[in-house]
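1. mind looking at a prediction? Sequence and model below.
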Amino acid sequence: MTFSATDCAFEGFRLTRRAPVAVLLWAAAYAVFFGLLFLLVGPHFVTILSLIAEMEGQTEPPLEAMEPLMQAYGVVIVWAAPLGLLFSAVISTAIARAVIRPEPRRFGYLRLGKDEVRVLGASLIVSLAMFGVTFVGVMVLSLLAALAMTAPALWLAVVLMTLALIAFATWLAVRLSLVVPSTFDEQRIVLKPAFAMTGGKAFWPLLGMAIIAWVLAMLVGLLGSAVAAPLSLLVGGAERLIGMEGASVPHLLGALGPMLAVSLLVNAVMTAAQTTIMYAPFSAAYLQLKGAPRV
């Protein structure tokens with residue numbers, strides 16, 4: 001089966017029009033997630049902003065300044081990585097559910113059950129595959145770049161290797177792009193069939209669809225930023241966090257409550273909209289390639 005890349009690319013907008021309450025509930029879920037994350041790592045996030053601001057203009061920051069920065073990043077990653085993976089699985093499953101099995105609509109298609117666990121497992125496998133390819137490629141590139149310092153002729157190999165890595169990572173990302181909707185629809189982790197589905201004549205339309213969806217998501221983000229700018233000016237921007245290194249969460253909330261609330265709301269709405277625009281097309285493409293009617 002073939003599919004229309006342009007038709008599927010706009011599935012996020014159709015979904016928003018068809019189920020606006022669901023998208024609003026996803027925005028509310030993002031607000032809860034961002035709020036929880038700030039309560040857990042807010043002070044460390046402020047430390048990162050402050051240290052980066054202090055390092056601006058420094059070509060070689062001192063090692064003693066890098067150590068607290070790396071420590072703060074480490075704490076943020078320890079909390080954000082597992083929570084982010086779980087939350088992403090919940091949201092991506094909700095979007096797949098809204099496109100593939102849109103009835104019933106209760107709770108904005110949000111659940112926390114076997115479907116989400118399977119999607120989490122499939123997402124982990126895809127993420128590890130992409131990370132492995134990127135890591136190995138970067139290591140090889142680093143080695144070639146180091147050798148090229150003494151043998152300039154190798155810089156051509158570095159350029160070609162860089163282009164090859166980008167091309168292969170893009171190819172792999174497209175070939176694995178239907179793992180989540182396939183896993184949700186078949187209620188088991190699906191890798192090989194999803195990989196096969198994206199090959200042949202489907203590859204280039206899928207790549208084109210992904211690019212169109214990405215551009216649309218970026219345009220929505222720019223529009224959202226323009227609309228939110230006046231609110232940010234009224235309550236102050238995130239730069240107010242700089243210089244509050246070491247402040248506790250209650251102190252941050254007391255000093256910057258309105259700014260943090262507006263930032264959380266704006267980011268939650270924009271992230272929900274952009275995620276819908278980016279994720280929904282792949283479920284629509286899956287239905288078309290499978291030959292299943294769109295409900």
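-> Ah, there it is. Numbers count the residues shown, from 1 in each chain.

2. average model confidence for the helix or strand hosting H251?
-> Taking DSSP states H and E as the definition, one finds H251 inside helix 249-290. The average of the pLDDT scores along helix 249-290 is 87.

3. quick one: neighbours of A81, just the number.
-> Per other CB atoms under 10 Å, the neighbour tally for A81 reads 10. (Glycine included, C-beta is placed from N, CA and C.)

4. for it, give me phi and psi.
-> Dihedral pair for A81: phi -60, psi -60, per degrees, to the nearest 10.

5. and it, what's its pLDDT?
-> Confidence at A81, expressed as pLDDT, is 88.

6. any idea how far it lies from K114?
-> Distance of A81 to K114, given as CB to CB, to the nearest Å: 23 Å.

7. also R97?
-> Between R97 and K114 the computed distance is 13 Å (CB to CB).

8. more neighbours: the two, which one.
-> The residue with more neighbours, out of R97 and K114, is R97; 25 against 9, by other CB under 10 Å.

9. so the more buried one makes contact with D115?
-> Yes - with contact defined as CB atoms under 8 Å, R97 reaches D115; the gap is 7.3 Å.

10. tell me, what's touching these two both at once?
-> F184 (CB atoms under 8 Å, 6 or more residues apart in numbering).

11. so where's the stretch 51-200 of the chain shaky on pLDDT?
-> 57-65 (pLDDT under 70).

12. now with 50?
-> For the stretch 51-200 of the chain, no stretch is flagged by pLDDT under 50.

13. in stretch 197-213, what counts as buried?
-> By neighbour count on 16 or more other CB atoms under 10 Å, the buried set for stretch 197-213 is 197-198, 202, 205-207, 209-210, 212-213.

14. possible to save those residues as a markdown table with distance to Q71?
-> Below are the buried residues of stretch 197-213 laid out as a markdown table (distance: CB to CB, whole Å):
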| residue | distance to Q71 |
| --- | --- |
| M197 | 44 |
| T198 | 41 |
| A202 | 46 |
| P205 | 46 |
| L206 | 41 |
| L207 | 40 |
| M209 | 41 |
| A210 | 36 |
| I212 | 41 |
| A213 | 37 |
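
15. what is the nearest of the residues you listed to T170?
-> L207 (7.3 Å; CB to CB).

16. what about the helices in the chain?
-> Using DSSP state H, the helices of the chain run over 5-9, 11-18, 20-55, 63-100, 114-148, 155-175, 179-186, 192-197, 203-235, 249-290.

17. how about the ones you listed in JSON lines, adding distance to R106?
-> Listed next are the helices of the chain as JSON lines, based on distance: least, CB to CB, whole Å:
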{"stretch": "helix 5-9", "distance to R106": "26"}
{"stretch": "helix 11-18", "distance to R106": "15"}
{"stretch": "helix 20-55", "distance to R106": "10"}
{"stretch": "helix 63-100", "distance to R106": "11"}
{"stretch": "helix 114-148", "distance to R106": "14"}
{"stretch": "helix 155-175", "distance to R106": "33"}
{"stretch": "helix 179-186", "distance to R106": "17"}
{"stretch": "helix 192-197", "distance to R106": "28"}
{"stretch": "helix 203-235", "distance to R106": "27"}
{"stretch": "helix 249-290", "distance to R106": "18"}
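
18. and the helix holding H251, what does it pack onto?
-> If you count contacts as 3 or more CB pairs under 8 Å, 6 or more residues apart in numbering; DSSP states H and E, helix 249-290 packs onto helix 5-9, helix 11-18, helix 20-55, helix 63-100, helix 179-186, helix 192-197, helix 203-235.
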